[in-house]
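> The amino acid sequence is not available; the structure is as follows:
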C-alpha cells in the first residue's frame, strides 16, 4: 500500500506488516493512514480469507511516535489539525464519530475474516491497542505488552479501555492500565491477553491463517459475528440464523464432502 505498511496476498492470506523498523514501527500520521487504507482495501477482496498482522524489525509496534509526546509536553498540537478529518474520509463503517486511532483499530476488527496478530518485541500503547483489535493474538515469550498511556498523563484512546477488559476482566485491566504494567508473552497468554505463545509467532500465525483459508468462508464469517456478543440470547439467535443460511450451501457441501473424503 505505502512504504509504511506492506501487504501481500497469497493463498487466501493477507500478510500485513508495519514497516517502520528503524522506529520499532511507531505510529505517525503516515502509519495511521496506511493502516486505515490497507484494512479498507482488504474488506472488499473476495480472495482474502484471513489476515496476519505483524511488524518488521525488532518489534510489533512501540506505540505513538515520540514526537507526539514531545509536542504534548511542549503544549503543541500532537498531530495536524485535519488528521481526524482526513481519517473520517476513509469509510470503515460503524460510528462516524470514531477518532483516527479508534478507526484504525476498528477497521481491522470489523473485517469479515479473522485477523491474527503475530507479536514479537514491543507492543506498547497504541501498538498493543492495534493488536487488541485483532481477533487472535500469538505472542513471542519475550514480547513486551503494555498500555503505558498513564505514564504520559493520558488514557488509552484506541479502543484499549474497551477491548482489554473484555479479554482479561475489568479489574485486572484497570490495574494494568493504572500501573502502566508491561507483561511478557507468557503472562499475557496466562491471563487471556493472547491465545498462544510461540518462539516464532509469525510462522505460527501464518499456519493458522492457512488453515482458516481452507474453511468455508460463510461459516467463518458467521462465527466471527457470533463470538464475543455480549447478549447470550442474541448469540444463540445468531447460531440459529447461521445454520439456516449455511447448511446446504455449495461451500458447506464442499467442506463436508472434503472432510468425508479424509
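That came through, no problem. What you are looking at is a predicted structure, and each value in this text was computed from that prediction instead of being measured.
> what about residue 219, which helix or strand?
helix 217-226 (DSSP states H and E).
> what about that helix, distance to the chain center?
Centroid separation between helix 217-226 and its chain, computed with C-alpha atoms, centre = their mean, to the nearest Å, is 17 Å.
> Name the residues that touch that helix?
Here helix 217-226 makes contact (C-beta atoms under 8 Å, 6 or more residues apart in numbering) with 49, 112-114, 135, 212, 235, 238-239, 241-242, 245-246, 249, 251-252, 255. C-beta here means a position set from N, CA and C on the backbone, and glycine is covered the same way.
> Same question for stretch 55-64.
The contact list for stretch 55-64 (C-beta under 8 Å, 6+ apart) reads 6, 17-27, 54, 117-128, 130-131, 143-144, 148.
> quick one on the thing from earlier: narrow the contacts of helix 217-226 to just the buried residues.
49, 113-114, 135, 212, 238, 242, 246, 252, 255 (16 or more other C-beta atoms under 10 Å).
> ok, of the contacts of stretch 55-64, which come out buried?
Neighbour counting with 16+ other C-beta under 10 Å marks 6, 17-20, 23-27, 54, 117-128, 130-131, 143-144, 148 as buried within those.
> Sort out for me which of these are in strands.
Mapping the buried ones among the contacts of stretch 55-64 onto strands (DSSP state E) picks out 6, 17-18, 54, 117-119, 122-124, 144.
> what's the angle from the following helix or strand past the helix holding residue 219 to helix 217-226?
Next in sequence after helix 217-226, counting helices and strands by DSSP H and E, comes helix 232-246. With axes from the mean of the first three to the mean of the last three C-alpha atoms, to 10 degrees applied, the angle from helix 232-246 to helix 217-226 works out at 170 degrees.
> Which neighbouring elements make contact with the next helix or strand after helix 232-246?
Downstream of helix 232-246, the first helix or strand assigned by DSSP H and E is helix 250-261. Judged by 3 or more C-beta pairs under 8 Å, 6 or more residues apart in numbering; DSSP states H and E, helix 250-261 is in contact with helix 217-226.
> Good, we can wrap up now.
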